[in-house]
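Asker: Below is the sequence, then the predicted model.
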Amino acid sequence: MEQRRIGTRSVSAIGLGGMPMSIEGRPDTERSVAAIHAALDAGVTLIDTADAYHRDAGEVGHNEQLIAEALRSYQGSHGGSTADVLIATKGGHLRPGDGSWTLNGRPDYLKKAAKESAHRLGVDAIGLYQFHRPDPDVPYAESIGAIRDLLDEGVIELAGISNATIAQIDEANEVLGGRLASVQNQFSPAFRSSLSELQHCASLGVAFLPWSPLGGIGKAGDIGTKHDAFGQVADAHGVSPQQVALAWELALAPVVVPIPGASRPQSITDSAKAVDLTLSTDELDALNAA
């Protein structure tokens, strides 16, 4: 599969988002593990998670543990190496267990959360750790300062941020001493307001990881019906509208690495094929204007 860069690491151009496997409406563990194994079989080497990807109050880190177990079982059942897989997790966003989301960007909390995530993932150092969402009650530089300390201490190998503005991208990169590796913002055919952040990342050489690149849980099927241009291009190529959406995002900048969520093997297998889809200039113009 085509490779792209996140900091010092080379990863597949399409990643896997693990959230649908752990929150409300999640599938059974067997199907989730099968989806992760299918991603690895397809050449996916970036898997995105967070300690907040869980459903109930007493299961913080559910998705991290699920991914760690899937990687271990893949080595045993498939005999394949997972040494090149980059696990990206996040901290600072919490779920009390009632379906709501809360924030905690305090430095002491972020440092504690990162070490707990490393333990759940079974690693000495987290490959990529991202500050999940700004906390209005904590100065942004203080939160990012904790990420910098984790980087300096070797608790994490790469540092990133999520749900950030251009000003926050620049502030984070300054606090991190130019070591910002990634920005993870929402971006899809239906949600394009992060295009300026995407373009800013491209100018900095910082990886941009669109979350919900197909519109979010339960929305992927809307791409071909609510966005006619994507459906038309898909028909012309004989592929799914979802593949067209991901190929369009990949074509926006060489720093883009979409992370479509999946809970079925068929979904991630289809998404991974987007790297082989070449869109013409006219097609890209039509999708950009859609």
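Answerer: The structure has been received and is ready for your questions.
Asker: Can I get stretch 50-64 in PDB? Just the C-alpha atoms.
Answerer: Extracted in PDB, the C-alpha atoms of stretch 50-64 (Å, rounded to 0.1, in the frame of the first residue of the first chain):
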ATOM      1  CA  ALA A  50      -8.300   6.900  22.300                       C
ATOM      2  CA  ASP A  51      -8.800   6.100  26.000                       C
ATOM      3  CA  ALA A  52     -12.300   7.600  25.700                       C
ATOM      4  CA  TYR A  53     -13.400   5.100  23.000                       C
ATOM      5  CA  HIS A  54     -15.700   3.100  25.300                       C
ATOM      6  CA  ARG A  55     -19.300   2.800  26.200                       C
ATOM      7  CA  ASP A  56     -19.700   2.300  29.900                       C
ATOM      8  CA  ALA A  57     -18.100   4.200  32.800                       C
ATOM      9  CA  GLY A  58     -16.000   1.300  34.100                       C
ATOM     10  CA  GLU A  59     -14.300   0.500  30.800                       C
ATOM     11  CA  VAL A  60     -12.000   3.400  30.000                       C
ATOM     12  CA  GLY A  61      -9.600   2.300  27.400                       C
ATOM     13  CA  HIS A  62     -11.800  -0.500  26.000                       C
ATOM     14  CA  ASN A  63     -10.700   0.200  22.400                       C
ATOM     15  CA  GLU A  64      -7.000   0.400  23.300                       C
END
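Asker: What residues sit buried inside that stretch?
Answerer: By 16 or more other CB atoms under 10 Å, the buried positions in stretch 50-64 come out as 50-55, 60-64. In short, each C-beta sits where N, CA and C put it, glycine included.
Asker: doesn't Leu158 make contact with Leu180?
Answerer: No - Leu180 lies out of contact with Leu158 (CB atoms under 8 Å); the separation is 9.2 Å.
Asker: check contacts around the nearest residue to Ala220 once chain neighbours are set aside.
Answerer: Counting by CB to CB, 6 or more residues apart in numbering, the nearest residue to Ala220 once its immediate chain neighbours are dropped is Leu214, at 4.0 Å. Counting by CB atoms under 8 Å, 6 or more residues apart in numbering, Leu214 makes contact with 188, 220, 223, 242, 245-246, 260-261, 271.
Asker: one step back: quickly name whichever of the buried residues of stretch 50-64 is closest to Val206.
Answerer: Ala50 (19.4 Å; CB to CB).
Asker: helix/strand/coil for that closest one?
Answerer: Under DSSP: H, G, I helix; E, B strand; the rest coil, Ala50 falls in the coil class.
Asker: which non-adjacent residue is nearest it?
Answerer: Lys90 (3.9 Å).
Asker: May I ask you to confirm that that neighbour is in contact with Leu128?
Answerer: No - in this structure, Lys90 is not within contact of Leu128 by CB under 8 Å, at 9.1 Å.
Asker: Now do the strands in the chain.
Answerer: 3-6, 9-12, 16-17, 46-48, 86-91, 93-94, 102-103, 126-131, 156-162, 180-184, 207-208 (DSSP state E).
Asker: Those into JSON lines, with extra columns for mean pLDDT and mean neighbour count?
Answerer: Shown next, in JSON lines, are the strands of the chain (pLDDT from 0 to 100; neighbours: other CB atoms under 10 Å):
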{"stretch": "strand 3-6", "mean pLDDT": "98", "mean neighbour count": "18"}
{"stretch": "strand 9-12", "mean pLDDT": "98", "mean neighbour count": "20"}
{"stretch": "strand 16-17", "mean pLDDT": "98", "mean neighbour count": "29"}
{"stretch": "strand 46-48", "mean pLDDT": "98", "mean neighbour count": "28"}
{"stretch": "strand 86-91", "mean pLDDT": "98", "mean neighbour count": "27"}
{"stretch": "strand 93-94", "mean pLDDT": "94", "mean neighbour count": "22"}
{"stretch": "strand 102-103", "mean pLDDT": "96", "mean neighbour count": "14"}
{"stretch": "strand 126-131", "mean pLDDT": "98", "mean neighbour count": "26"}
{"stretch": "strand 156-162", "mean pLDDT": "98", "mean neighbour count": "24"}
{"stretch": "strand 180-184", "mean pLDDT": "98", "mean neighbour count": "27"}
{"stretch": "strand 207-208", "mean pLDDT": "98", "mean neighbour count": "28"}
